[in-house]
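Q: Here is a sequence with its predicted model. Questions after.
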Amino acid sequence: MSYKLAICLVAICAIAFVHGSDEDALQDFCVRDGKSNTIVNGFTCKPAAATLASDFMFQGLRNPGNTNNKLGSIVTNANVGVFPGINTLGVSFARIDYAPYGVNPPHVHPRGTELLFLQQGTLYVGFVSTTNNTLFAQTLHPGDLFVFPRGLIHFQLNVGKTPAVALAGFNSQNPGVTQVTKAVFASNPPIYDAVIERAFQINPKLIQQLRDLIKQT
């Protein structure tokens with residue numbers, strides 16, 4: 001399956017489940033105005049007369065991301081922050097590159113459901129429900145899709161010996177992301193040790209060790 005076809009497939013699926021997340025647009029388009037500092041639950045529109053065809057194109061997913069890091073993965077986003085043309089359209093996109101055995105660690109998207117398409121490699125993926133912390137996990141192969149419901153903790157792990165590439169569509173122009181370990185152990189300012197110590201049943205020395213490790217990822 002070609003790279004262009006893969007992008008088209010996930011984009012179509014993302015558009016199909018747009019309802020239920022971002023509000024519907026009230027005009028044909030509203031290209032984000034990069035010169036405006038006004039933000040009211042979104043971004044202001046660029047004047048229609050100044051809108052260009054190039055505003056609706058994004059080339060940032062053409063090349064593989066650098067997976068030379070402690071996690072062995074990198075996410076390249078195509079959200080409203082870098083792709084002005086999707087402002088108010090309720091969709092965004094991402095490319096995820098994984099080194100062999102690389103992981104996209106447990107995280108959540110508070111404002112969007114994610115539809116993941118595996119283009120290359122083999123991934124073990126899953127999410128945890130709010131009902132009895134049930135894990136729903138599968139091993140994906142090229143051409144497979146997997147959906148992560150909005151707001152639920154989920155992850156991906158490259159279980160193959162070669163690099164993997166996945167494409168993700170979201171029903172939000174800015175789904176947001178919170179990496180679980182960073183939120184707990186690398187918040188600014190730090191969460192009180194007493195909270196983490198009691199919640200995780202670990203001692204202060206281990207808390208500091210984890211903080212030091214997580215800040216390096």
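A: Here it is on my side, so go on. Numbers count the residues shown, from 1 in each chain.

Q: show me where this protein has helices.
A: Along the chain, counting by DSSP state H, helices occupy 3-16, 180-185, 193-200, 204-215.

Q: rank the ones you listed by pLDDT, which is bottom?
A: Sorting the helices of the chain by mean pLDDT places helix 3-16 lowest, at a mean of 58.

Q: Show me how the protein divides into domains.
A: As assigned by automatic domain parsing, the chain contains the domains 3-176, 177-217.

Q: My read is that F43 contacts G85, right?
A: No. Applying CB atoms under 8 Å as the test, F43 and G85 come out as separate, 11.5 Å apart. Every residue, glycine included, has its C-beta placed from N, CA and C.

Q: Now the common contact residues for those two.
A: Common contacts of F43 and G85 (CB atoms under 8 Å, 6 or more residues apart in numbering): R32.

Q: Next up, the contacts around the nearest residue to F127 once chain neighbours are set aside.
A: Sequence neighbours aside, H154 is the residue nearest to F127 in space, at 3.7 Å (criterion: CB to CB, 6 or more residues apart in numbering). For H154, the contacting residues are P106, H107, V108, E114, V125, G126, F127, V128, F148, by CB under 8 Å, 6+ apart.

Q: who's H154 bridged to?
A: Beta bridges link H154 to H107, F127 when assigned by DSSP bridges.

Q: Low-confidence ranges, the protein, go.
A: For the chain, applying pLDDT under 70 flags the ranges 1-21.

Q: Look at N69 and say how many residues are nearby.
A: 13 (other CB atoms under 10 Å).

Q: Out of the contacts of H154, which is nearest to H141?
A: Of all the contacts of H154, H141 sits closest to V125, with 11.4 Å by CB to CB.

Q: Distance check, the residue lying closest to that closest one once chain neighbours are set aside against D144.
A: The shortest distance from V125 to any non-neighbouring residue, by CB to CB, 6+ apart, is to Q156 (4.6 Å). Per CB to CB, to the nearest Å, Q156 is found 12 Å from D144.

Q: who has more neighbours, these two?
A: Each of Q156 and D144 has its neighbours counted (other CB under 10 Å); Q156 has more, 26 against 16.

Q: so who does that one touch?
A: For Q156, the contact set (CB under 8 Å, 6+ apart) comprises S73, I96, Y98, V103, N104, L116, L123, Y124, V125, A166.

Q: Please apply the same query to K182.
A: I214, T217.

Q: which ones are touching Q138?
A: Neighbouring residues of Q138 by CB under 8 Å, 6+ apart: Y124, V125, G126, D144, F146.

Q: want to throw those into JSON lines with distance to Q138?
A: Listed next are these as JSON lines, based on distance: CB to CB, whole Å:
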{"residue": "Y124", "distance to Q138": "8"}
{"residue": "V125", "distance to Q138": "6"}
{"residue": "G126", "distance to Q138": "7"}
{"residue": "D144", "distance to Q138": "8"}
{"residue": "F146", "distance to Q138": "6"}
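
Q: of those, buried ones?
A: By neighbour count, with 16 or more other CB atoms under 10 Å, these hold V125, G126, D144, F146 as buried.

Q: Give me the phi and psi for the third one.
A: Here the main-chain torsion angles of D144 (degrees, to the nearest 10) amount to phi -80, psi 150.

Q: Would you check that it makes contact with Q120?
A: No. Taking contacts as CB under 8 Å, D144 lies outside contact range of Q120: 11.5 Å.

Q: and M57, how many neighbours does it have?
A: Neighbours of M57 (other CB under 10 Å): 9.
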